[in-house]
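**Student:** Sharing a model that was predicted from the sequence below.
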Amino acid sequence: MVTETGKLLEGIEAFSYWCRQRKFPLEKTLDEYRTTKKKYDRYYSDQGFINGMEKLKNTKGYEKIWLDNLYYLDFYAIERFGKTRLGTLLHYAKQGQNKYLMSVMMKEANPKIHNMVNHLGADAVGFIPPTIRREVQIMKYIQADLRVGIARDRHQKTQQHYSCPSEITFQPERAYSQCRAHVRHHRTTKI
């Protein structure tokens, strides 16, 4: 949890703060959180990551997406309680271009990514550069900080316009609330 003044709170201190903001009773809300968290825990593999293919396979236009596998380290947010710890760190690190929060996020994510790469037997990791200009790019920070000991591949994301097939422009990422919007976006985007 990040307060309005920018202080990073953790654990029960963060949860108590969140409850006080909403005038929720701490003990009851904590029990509800534990119940909700158990519901989400079933999506994690024994190795600690989430297979995102089932949700993607049920998305209209899936046949035009050429992915063999899709994995997540954590949910970005969970019902009623909002962003997860990793989701919060990602959000504030990216939006605030905050290198300290990026380092905290990567300190937690690096072992999980390393575990995933080893378990899957991956031989390369790909990085798609961001297209929204920021002074501090989180993807560049992740690329520099990620220590997995395998090949790194840098991709370029472009969009080809139908009105002028030879014209290529960068297509900025957007925040998508539904997978369908992601599919529509990727139909016209080449990687």
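**Tutor:** On my side now, so go ahead.
**Student:** Now do the same contact list for the residue most central in space within the chain.
**Tutor:** The C-alpha lying nearest the average C-alpha coordinate of the chain belongs to Tyr76 (C-alpha atoms, centre = their mean; 6.0 Å). Counting by C-beta atoms under 8 Å, 6 or more residues apart in numbering, Tyr76 touches 83-84, 86-87, 90. (Each C-beta comes from the backbone N, C-alpha and C, glycine too.)
**Student:** rerun that using 6 Å as the cut-off
**Tutor:** Gly87 (C-beta atoms under 6 Å, 6 or more residues apart in numbering).
**Student:** Distance of it relative to Glu135?
**Tutor:** As judged by C-beta to C-beta, to the nearest Å, Tyr76 and Glu135 stand 24 Å apart.
**Student:** again with Arg85
**Tutor:** Going from Arg85 to Glu135 by C-beta to C-beta gives 25 Å.
**Student:** of the two, who's got more company?
**Tutor:** Arg85 (15 against 5; other C-beta atoms under 10 Å).
**Student:** just the strands in the protein please.
**Tutor:** Using DSSP state E, the strands assigned to the chain run over residues 50-51, 71-72, 77-78, 82-83, 124-127, 151-154, 158-160, 168-169, 189-190.
**Student:** weakest of those by average pLDDT?
**Tutor:** If you rank the strands of the chain by mean pLDDT, strand 168-169 sits at the bottom with a mean of 40.
**Student:** so where do the helices sit in the chain?
**Tutor:** Counting by DSSP state H, one finds helices in the chain at the ranges 11-22, 26-41, 53-57, 85-96, 99-120, 138-145, 179-187.
**Student:** which intervals of this structure have sub-threshold pLDDT?
**Tutor:** Within the chain, the segments meeting pLDDT under 70 span 151-191.
**Student:** Tyr141 is in contact with Met102, isn't it?
**Tutor:** Yes. Contact criterion C-beta atoms under 6 Å: Tyr141 and Met102 qualify, at 4.7 Å.
**Student:** of the two, who's got more company?
**Tutor:** Met102 (24 against 18).
**Student:** tell me the contacts of the more buried one?
**Tutor:** So Met102 contacts 93, 141 (C-beta under 6 Å, 6+ apart).
**Student:** Just send the helices of the chain back as CSV, with distance to Val2 too.
**Tutor:** Listed next are the helices of the chain as CSV, based on distance: least, C-beta to C-beta, whole Å:
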stretch, distance to Val2
helix 11-22, 9
helix 26-41, 18
helix 53-57, 28
helix 85-96, 5
helix 99-120, 8
helix 138-145, 16
helix 179-187, 26
